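Asks: no FASTA, just this:
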């Protein structure tokens, strides 16, 4: 194999791994950001539940204060009713007392509604706090994972960059320029060729002479279609067990024929004897 070709194959493997590592490093902060957004949503749910409970408590206190005001009005109206001199004034005070009683009943219903809703509010808060706790733990875990994974990826990237530089220093300048150009354009610069005589990437059939030259591996050859550098991948050797299996199957298929031939020989001899006797 051409010395540059072997290095190019290894170089592409390294470049592919480097690209994957860089993509992973770039994706990790996005994953953490998604977890943090989920955490922010959980915090907002807890805040909303707490705010609803606080609002209910404030409304209850307000209703209780309003009830007290209405009760004071009733007490005042009853005191005034003892001092009025006309039926019209007395009826007016009774109307005010009746109105205050209805307002107290309405406010008490509101307080009852708040008390009934309190259990639901508390359960909502409990669930929201549970999600927040779980999301906080997940957020911490993901951040730690991202930190470790990034450190590992960056270490591997440093090692691969050194290997990459060493490989590139041993490849011909013109070949390296072509490799870089195709890699940037198409994402990969090399293509395997199998015994189907096709470019392993763009699937274009190679000319017979090009295929023969690729098999030899003595030159740096390019696909006429995609411009990738071609290298031959020989077919895997046939498994010995499969060959033995075929041989055993063949032997088994011949046994019945042999037995028929052997059984036919005595019959033929008998017929021949009869013919001679006649």
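Replies: Yep, it's here. These numbers were taken from a predicted model, which means no experiment stands behind them.
Asks: tell me which element residue 218 is part of?
Replies: Here residue 218, judged by DSSP states H and E, is contained in no helix and no strand.
Asks: what residues are up against it?
Replies: Contact analysis of residue 218 by CB atoms under 8 Å, 6 or more residues apart in numbering lists 1-2. In short, each C-beta sits where N, CA and C put it, glycine included.
Asks: Just want the phi and psi numbers for it.
Replies: Recorded main-chain torsions at residue 218 are phi -90, psi -10, according to degrees, to the nearest 10.
Asks: again, but for the one 5 residues further on
Replies: Main-chain dihedrals, residue 223, degrees, to the nearest 10: phi -70, psi 130.
Asks: pretty sure it contacts residue 206?
Replies: Yes. Counting by CB atoms under 8 Å, residue 223 does reach residue 206; the two are 7.5 Å apart.
Asks: moving C-terminal of the helix or strand that contains residue 156, what's the next helix or strand?
Replies: Remark: residue 156 resides in helix 87-169, with elements defined by DSSP H and E. Later in the chain than helix 87-169, the nearest helix or strand by DSSP H and E is helix 173-186.
Asks: Need the residues touching each of residue 223 and residue 206.
Replies: 199, 230.
Asks: pretty sure residue 229 is touching residue 219, no?
Replies: No. Using CB under 8 Å, residue 229 is not in contact with residue 219, being 10.3 Å away.
Asks: between those two, which one's more packed in?
Replies: More crowded of residue 229 and residue 219, by other CB atoms under 10 Å: residue 229, with 22 against 13.
Asks: So in terms of bridging, what pairs with that one?
Replies: residue 190, residue 222 (DSSP bridges).
Asks: In contact with it, which residues?
Replies: 5, 8, 175, 178-179, 182, 189-191, 220-222.
Asks: cutoff 7 Å now
Replies: Neighbouring residues of residue 229 by CB atoms under 7 Å, 6 or more residues apart in numbering: 8, 179, 189-190, 220, 222.
Asks: for those residues, which one is nearest residue 109?
Replies: residue 189 (78.8 Å; CB to CB).
Asks: I'd like the distance between that closest one and residue 172.
Replies: 14 Å (CB to CB, to the nearest Å).
Asks: what's the answer for residue 60, then?
Replies: Taken as CB to CB, the span from residue 60 to residue 172 is 85 Å.
Asks: Excluding chain neighbours, what is closest to residue 64?
Replies: Leaving aside its chain neighbours, residue 64 sits nearest to residue 111 (6.9 Å; criterion: CB to CB, 6 or more residues apart in numbering).
Asks: so where's the stretch 1-150 of the chain uncertain?
Replies: For the stretch 1-150 of the chain, no stretch is flagged by pLDDT under 70.
Asks: okay but residue 52 is in contact with residue 123, surely?
Replies: No. Shown here, residue 52 and residue 123 do not form a contact pair, counting by CB atoms under 7 Å, at 11.9 Å.
Asks: Same drill for these two, tell me which one is more crowded.
Replies: Neighbours were counted for residue 52 and for residue 123 using other CB under 10 Å; residue 52 has more, 15 against 11.
Asks: before we move on, back to that, would you confirm that the residue nearest to residue 64 contacts residue 60?
Replies: Yes. Here residue 111 reaches residue 60: they are 5.6 Å apart, a contact under CB under 7 Å.
Asks: Who are the packing partners of the helix holding residue 156?
Replies: Under the contact criterion of 3 or more CB pairs under 7 Å, 6 or more residues apart in numbering; DSSP states H and E, helix 87-169 touches helix 3-81.
Asks: tell me what the helix it packs on is packed against?
Replies: Looks like helix 3-81 contacts helix 87-169, helix 173-186, strand 190-193, strand 229-232 (3+ CB pairs under 7 Å, 6+ apart).
Asks: got JSON lines for those, with distance to residue 78 too?
Replies: Output for the helices and strands packed on helix 3-81, formatted as JSON lines (distance: least, CB to CB, whole Å):
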{"stretch": "helix 87-169", "distance to residue 78": "7"}
{"stretch": "helix 173-186", "distance to residue 78": "95"}
{"stretch": "strand 190-193", "distance to residue 78": "102"}
{"stretch": "strand 229-232", "distance to residue 78": "105"}
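Asks: Neighbours of the closest residue to residue 217 other than its chain neighbours, how many?
Replies: Excluding the flanking residues, the one nearest residue 217 by CB to CB, 6+ apart is residue 1, at 4.2 Å. When neighbours are defined as other CB under 10 Å, residue 1 has 11 of them.
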